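K.L.:
I would like to see how this sequence folds:
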Amino acid sequence: MLSTRLAPVEDALFVSSFLQWNRPTSRRGGTVEIDVLKQGKVHVIRMRGQLKLGDPVDELRKALDGVIAEGHTSVVASMGGVPMADSSGIGALIRYQSMFKQKGGSIKLVQPSKLVTQTLKILGLLNMFEAFDEESAAVASSPDAAAAG
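P.N.:
Residues are numbered from 1 along each chain as shown. Next comes the predicted model:
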């Protein structure tokens, strides 16, 4: 859990070899910070905070919708800074995983918390996701990794 409150920040889009989108939220549902880094056709979404109903899940959806809008389907969700995800957060991951898989891509999880892993396992959905200890390994395993160099 973040010890300091983060004020909302406007979306920032940098056109270069990477895209960073940073929008902390704190209106309803707690606080989450999401950074999106673009490595070729692989989008790395780094999350910090609690992924739960309200703005945190809405911000994740916006980030994933942005990936889809660009026509890309390879996502690495770095979750080392996410101690918990409620049913809304888990549901968003599952929904977008299904969408990306239908388009030939996927969401790969990096350092999912014990709670997230257990929840997916209880639901019988853990096998929907590949999980990695390192972000670089997840990116390298993507079919679009050749374009990420």
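K.L.:
Show me where the protein has its strands.
P.N.:
For the chain, the strands defined by DSSP state E occupy 32-39, 42-49, 74-81, 106-110, 130-132.
K.L.:
what packs against the shortest one?
P.N.:
Contacts of strand 130-132 with other secondary structure elements, assessed using 3 or more CB pairs under 8 Å, 6 or more residues apart in numbering; DSSP states H and E, are made with strand 106-110. Every C-beta, even on glycine, is put in place using the N, C-alpha and C of the backbone.
K.L.:
for the strand it packs on, packing partners?
P.N.:
Applying 3+ CB pairs under 8 Å, 6+ apart, we find strand 106-110 packed against strand 74-81, helix 87-102, strand 130-132, helix 135-140.
K.L.:
buried set for the shortest one?
P.N.:
The reference is to strand 130-132. Across strand 130-132, burial judged by 16 or more other CB atoms under 10 Å covers 131-132.
K.L.:
and if you look at the last one?
P.N.:
If you call a residue buried by 16+ other CB under 10 Å, then helix 135-140 has these buried ones: 135, 138-139.
K.L.:
now residue 62: how far from residue 117?
P.N.:
According to CB to CB, to the nearest Å, residue 62 and residue 117 sit 25 Å apart.
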